[in-house]
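S.K.: following is a predicted model, sequence given first.
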Amino acid sequence: MAAQNLDNLRALVTGPVITPVDAGYEEARKVYNFMIDRHPAAIVQCADAVDVAAVVRHAADTGMELAIRGGSHSVPGFGTADGALVADLSGLSAVTVDAPDRTARAGGGVTWGGFNEATGAYGLATTGGVISTTGVGGLTLGGGIGYLARAHGLSCDNLLSAQVVTADGQMVTASQDENPDLFWALRGGGGNFGVVTEFTFRLHPVAEIYGGPMFFELSDGPAVLGYFNEYIRTAPREYGGFPLFQIAPPLPFVPQDRVGEPLVGVVSCWTGSVQDGEKVLQGFRDVATPVAEHVGAMPYPALNSAFDALVPRGLQHYWKAAFVGDLTAEAIGKHMEHGPLLPAVNSTVHLYPINGACHDVASDATAFGHRDASYAVVIAGMWPDPADNQAGIEWVQEYDEAIAPYAQGGMYVNFASADDQWKVAANYGANYARLQEVKHRYDPGNVFHLNQNINPAG
Ligand SMILES: Cc1cc2nc3c(=O)[nH]c(=O)nc-3n(C[C@H](O)[C@H](O)[C@H](O)COP(=O)(O)OP(=O)(O)OC[C@H]3O[C@@H](n4cnc5c(N)ncnc54)[C@H](O)[C@@H]3O)c2cc1C
């Protein structure tokens, strides 16, 4: 019966339908986080929006569970499930730039690497993630935090319109003028409302940036973090960096005898003049002498892929996150206790500032509600060996508990793990009730439920 169902689907789509008996299934079923080991019934590598609509309709008609996958970076592995039908959007990767109009149309499965390469050719960019392999789709729909957020807002703030396949298999446009309630919900509400087959973004002139990582002694950590917190309150919007904890990687700019040591750092991205950028970064050196640094002028896409090698596909992932108003001295003390205990060179803790242009947008103007937070903190537990899972997970959980008293309610949905579903209402705060209304209108049967799920029932 199931096989026959899939034959019906095969006849309707252009892209391959890969099942457990097909060569390539093992590779096709995997997502970025190898802690997720699931066996879907079929993966449809969609070729276009028509394929996506056929897959959504097939799931609705047969009652098969539906998983949507773009860049496949979801830490909880929402892009797959046992026995599910997977719509793999990675083939929808075209990016078309309209340079005079400063807009770009991007396929629903493209990565930030593909997007930045296309827009970077014109010296243009929009806010994206800090690792180039991450998908534009999942990242934008959850909000989208990156180097350009203080200058240009979240990724979702730069979304002008979206082509969407809704739960009933219809193709609709969502924008300020068409289906505005859906457009509102897509900007932060995650994959709850439909499958976006194409995004249209506003672009900004961003060609060369000045920046890169600086690492400092742990003993200088409180001073560096305190300085960052003071600086960022009123920093020019050209500054888009973040503090971090990181085990020193084996890279040429790190002194050989410091490789493998946990350090505190700042990764900077300055979009103004090089001269001004040099002054801004000197501010950090005046606080403490770096152990290692690798800063300079570079094309924006180069910074966006600079740390890709630290997080290759196939690691074990377990993450927690928090929204923070002010990084107080006590909170910094907790970070200094837990940050240096990073379990592997792949693990990291980033404290992303989300003030500046992110605060220009009202909390109820998009589904991303936490516009009063100054930071989105992520404790990104990543390590290669499954044997280290228990210890790694404990580190993340203990760290999260330690900083919780200094955080606001809720967390950024894109940094949440599978065991954070109970926090969904808090993650959306005052916007949750409206999100439930829109969910009820567009997906009353909760076809799109493999996500940080908004309950349509209320
Ligand atoms: C290494 C790494 C680095 C990261 N860096 C950042 C960062 O700098 N900034 C940041 O904000 N986040 C970051 N994230 C978190 C990231 O935003 C989320 O993991 C996001 O879900 C990734 O999107 P994806 O398309 O790659 O994931 P997928 O696993 O493909 O998708 C996750 C879910 O998003 C939804 N979805 C994806 N595409 C679509 C679509 N086209 N239409 C409808 N629904 C869709 C679906 O519900 C899907 O299940 C990072 C994650 C990782 C693992």
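M.R.: Everything's here; your move. Numbering: from 1, shown residues only.
S.K.: which residue ranges of the stretch 201-350 of the chain form strands?
M.R.: Per DSSP state E, counting those that start in this stretch, the stretch 201-350 of the chain carries strands over the ranges 204-205, 208-216, 242-247, 262-270, 292-293, 296-299, 316-324, 348-353.
S.K.: and the protein, which residues reach the ligand?
M.R.: 32, 68-75, 78-79, 89, 108, 129-131, 134-135, 137-139, 141-142, 144-146, 190-191, 195-196, 311, 414, 450-451 (C-beta under 6 Å from any ligand atom). In this view, the C-beta of every residue, glycine as well, is placed from N, C-alpha and C.
S.K.: circling back: export the strands of the stretch 201-350 of the chain to JSON lines and append columns for mean neighbour count and mean pLDDT.
M.R.: Below are the strands of the stretch 201-350 of the chain laid out as JSON lines (neighbours: other C-beta atoms under 10 Å; pLDDT from 0 to 100):
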{"stretch": "strand 204-205", "mean neighbour count": "14", "mean pLDDT": "98"}
{"stretch": "strand 208-216", "mean neighbour count": "23", "mean pLDDT": "97"}
{"stretch": "strand 242-247", "mean neighbour count": "24", "mean pLDDT": "98"}
{"stretch": "strand 262-270", "mean neighbour count": "24", "mean pLDDT": "98"}
{"stretch": "strand 292-293", "mean neighbour count": "20", "mean pLDDT": "98"}
{"stretch": "strand 296-299", "mean neighbour count": "16", "mean pLDDT": "97"}
{"stretch": "strand 316-324", "mean neighbour count": "23", "mean pLDDT": "98"}
{"stretch": "strand 348-353", "mean neighbour count": "24", "mean pLDDT": "98"}
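S.K.: in a markdown table: the ones you listed, plus distance to residue 396.
M.R.: Compiled in a markdown table, these are given as follows (distance: least, C-beta to C-beta, whole Å):
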| stretch | distance to residue 396 |
| --- | --- |
| strand 204-205 | 34 |
| strand 208-216 | 22 |
| strand 242-247 | 12 |
| strand 262-270 | 15 |
| strand 292-293 | 26 |
| strand 296-299 | 31 |
| strand 316-324 | 5 |
| strand 348-353 | 10 |
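S.K.: hmm, back to that, can you tell me which of the residues of the chain next to the ligand end up in helices?
M.R.: Among these, the subset assigned to helices under DSSP state H consists of 137, 138, 139, 141, 142.
S.K.: show me where this protein has helices.
M.R.: Using DSSP H, helices in the chain cover 2-12, 25-29, 49-62, 112-120, 136-142, 149-152, 180-186, 221-234, 274-287, 300-304, 329-338, 389-403, 424-428, 432-442.
S.K.: not counting sequence-adjacent ones, nearest residue to residue 318?
M.R.: Leaving aside its sequence neighbours, residue 318 sits nearest to residue 381 (C-beta to C-beta, 6 or more residues apart in numbering; 4.4 Å).
S.K.: can you check residue 258 too?
M.R.: residue 248 (5.0 Å).
S.K.: do the same with residue 262
M.R.: residue 340 (4.2 Å).
S.K.: residue 247 is in contact with the one you found, correct?
M.R.: No - Residue 340 is not in contact with residue 247 according to C-beta atoms under 8 Å; the separation is 9.1 Å.
S.K.: re the thing from before, please identify the most buried of the helices of the chain.
M.R.: helix 136-142 (a mean of 29; mean count of other C-beta atoms under 10 Å).
S.K.: so who does residue 427 touch?
M.R.: Residue 427 makes contact with 410, 411, 412, 413, 416, 452, according to C-beta atoms under 8 Å, 6 or more residues apart in numbering.
S.K.: now the worst-scoring helix or strand of the chain on mean pLDDT, how far from the centre of its chain.
M.R.: Sorting the helices and strands of the chain by mean pLDDT, DSSP states H and E puts helix 2-12 at the bottom, at a mean of 83. Relative to its chain's centre, helix 2-12 lies at 34 Å (C-alpha atoms, centre = their mean, to the nearest Å).
S.K.: and if you look at stretch 411-422?
M.R.: Distance, centroid of stretch 411-422 to centroid of chain: 12 Å (C-alpha atoms, centre = their mean).
S.K.: which residue does the stretch 251-400 of the chain bring closest to the ligand?
M.R.: residue 311 (4.3 Å; C-beta to the nearest ligand atom).
S.K.: related to what we said a few turns ago, so can I have CSV of the contacts of residue 427 showing distance to residue 5?
M.R.: Output for the contacts of residue 427, formatted as CSV (distance: C-beta to C-beta, whole Å):
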residue, distance to residue 5
410, 40
411, 38
412, 37
413, 32
416, 33
452, 29
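S.K.: and of these, the nearest to residue 347?
M.R.: Closest approach to residue 347 among these (C-beta to C-beta): residue 416, at 17.0 Å.
S.K.: nearest the middle, which residue of this protein would you pick?
M.R.: With distances taken as C-alpha atoms, centre = their mean, residue 139 lies nearest the centre of the chain, 3.9 Å away.
S.K.: quick one, what contacts it?
M.R.: Counted by C-beta under 8 Å, 6+ apart, residue 139 has contacts 71, 73, 112, 128, 129, 155, 414.
S.K.: model confidence for it, exactly?
M.R.: Looking at residue 139, its pLDDT stands at 98.
S.K.: could you do residue 443 as well?
M.R.: 97.
S.K.: can I assume it is in contact with residue 170?
M.R.: No - the pair residue 443 and residue 170 does not pass the contact test of C-beta under 8 Å, sitting 11.8 Å apart.
S.K.: mind checking the end-to-end distance for stretch 135-146?
M.R.: Stretch 135-146 has an end-to-end distance of 13 Å (criterion: C-alpha to C-alpha, to the nearest Å).
S.K.: identify the residue nearest residue 199 in space, chain neighbours excluded?
M.R.: Using C-beta to C-beta, 6+ apart, the nearest residue to residue 199 is residue 106, at 4.8 Å.
S.K.: bridging residues for that neighbour?
M.R.: Beta-bridge partners for residue 106, by DSSP bridges, are residue 95, residue 199.
S.K.: so what's it up against?
M.R.: Here residue 106 is in contact with 94, 95, 115, 136, 198, 199, 200, 201 (C-beta under 8 Å, 6+ apart).
S.K.: so which of these wins on neighbours?
M.R.: Within the contacts of residue 106, most neighbours by other C-beta atoms under 10 Å means residue 136, with 31 neighbours.
S.K.: if I look at that one, how far off is residue 143?
M.R.: Residue 136 is 13 Å from residue 143, where distance means C-beta to C-beta, to the nearest Å.
S.K.: what sits in contact with each of the two?
M.R.: residue 155.
S.K.: re the thing from before, got a pLDDT number for the residue nearest to residue 318?
M.R.: 98.
S.K.: likewise for the one 10 residues further on?
M.R.: According to the prediction, residue 391 has pLDDT 98.
S.K.: my read: residue 40 touches residue 26, true?
M.R.: No - counting by C-beta under 8 Å, residue 40 sits too far from residue 26 to count as a contact (11.9 Å).
S.K.: now the residue of the stretch 251-400 of the chain closest to the ligand. Its backbone dihedrals?
M.R.: Here is the backbone geometry of residue 311 (degrees, to the nearest 10): phi -130, psi 60.
S.K.: just the pLDDT for it.
M.R.: 98.
S.K.: got the contact list for it?
M.R.: So residue 311 contacts 131, 133, 346, 382 (C-beta under 8 Å, 6+ apart).
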